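> would you be able to build a 3D model of this:
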Amino acid sequence: MSAIEIHPTALVAESAELGAGVSIGPYSIIGSGVEVGAGCEIGAHVVIKGPTRLGQNNRIYAFASIGEDPQDKKFGGEETWLEIGNDNTIREYCTLNRGTADGGGVTRIGDGNWIMAYVHVAHDCRIGNRNTLANGASLAGHVTLHNNTVLGGFTLVHQFCAIGSYVMSAIGSGIVQDVPPYIMVAGNSAEAHGINREGLLRAGFDQERLQRVKRAYRTLFRAKLSLKDAIRQLQADYPDSADISALVTFLQDSTRGIVR
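Numbering: from 1, shown residues only. Here you go, the predicted model:
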């Protein structure tokens, strides 16, 4: 079993739980109620406040603030949590806040995410797996980010928005409505700009699936149908497609309306 390595200048609370092979760099602070899974690497000057749980093999770079109180004026010191899965990379100066009682109490981040420098993840966000958040991207409270999505640098996402899987946003996008799966968005406020073709190809979509998504995009964004009519058309045209079924479910669950 690999030994735990803690730099002499680091401060680790007695109640913190550290898994095998964890390393903690100079001047980092690991607070009470923090669990750090096996194989995690915590860089210099990192602050992790509990209750926060990290899975295995996460790498956190210098000056990140993990599990701090939510930036919500209604927060009154309730016990809330931050949960982070496995194999995430969290770069310099990121701020990841715990949840709020009103939002379910938990901010949750999945597995295999690449979170670049200066990214902010606010209270009660739900981030799935294998997403990339480029430098300076910011998620307001209660944002849901599905899987395999890329947010360009300095993308800003309004509270309570949902962003579907395989989405890509351009640099400096301002997202104020839900973004359906498979598309690219740009602008402030963000608008749809076609399907995320390269992202879908890299994810293993073959030409048949790609063409199906492209036709569905035309139905949703180019046919001048209301959202209800577009959903009906998609259901009629693709009754057996898992990809389009996922799109329809996202549209039906949308609470903020979609970018169009």
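> distance of S173 from L96?
Separation of S173 from L96 (CB to CB, to the nearest Å): 21 Å. For glycine as for every other residue, the C-beta is placed from the backbone atoms N, C-alpha and C.
> quick one: contacts of the helix or strand in which G199 is found?
Per DSSP states H and E: G199 is located in helix 197-202. Helix 197-202 has contacts (CB atoms under 8 Å, 6 or more residues apart in numbering) with N148, V150, Y166, M168, Y182, R209, L210, V213.
> output those residues as JSON lines; include the columns pLDDT, neighbour count and distance to R91.
Formatted as JSON lines, the contacts of helix 197-202 follow (pLDDT from 0 to 100; neighbours: other CB atoms under 10 Å; distance: CB to CB, whole Å):
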{"residue": "N148", "pLDDT": "98", "neighbour count": "21", "distance to R91": "19"}
{"residue": "V150", "pLDDT": "98", "neighbour count": "19", "distance to R91": "15"}
{"residue": "Y166", "pLDDT": "98", "neighbour count": "24", "distance to R91": "23"}
{"residue": "M168", "pLDDT": "98", "neighbour count": "25", "distance to R91": "19"}
{"residue": "Y182", "pLDDT": "98", "neighbour count": "30", "distance to R91": "27"}
{"residue": "R209", "pLDDT": "97", "neighbour count": "18", "distance to R91": "33"}
{"residue": "L210", "pLDDT": "97", "neighbour count": "16", "distance to R91": "32"}
{"residue": "V213", "pLDDT": "98", "neighbour count": "23", "distance to R91": "31"}
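> and which of those is nearest H193?
Nearest to H193 among the contacts of helix 197-202: M168, at 9.4 Å, using CB to CB.
> how far does stretch 15-22 sit from the chain's center?
25 Å (CA atoms, centre = their mean, to the nearest Å).
> residues of that stretch that come out buried?
Using 16 or more other CB atoms under 10 Å as the test for burial, stretch 15-22 gives A16, L18, G19, G21, V22.
> residues contacting it, please?
Residues contacting stretch 15-22 (CB under 8 Å, 6+ apart): 1-5, 12, 24, 30-42, 50, 56.
> try 7 Å this time
By CB atoms under 7 Å, 6 or more residues apart in numbering, the list of residues contacting stretch 15-22 from outside reads 1-2, 4, 30-40, 56.
> and what of stretch 83-92?
53-64, 106, 108-117.
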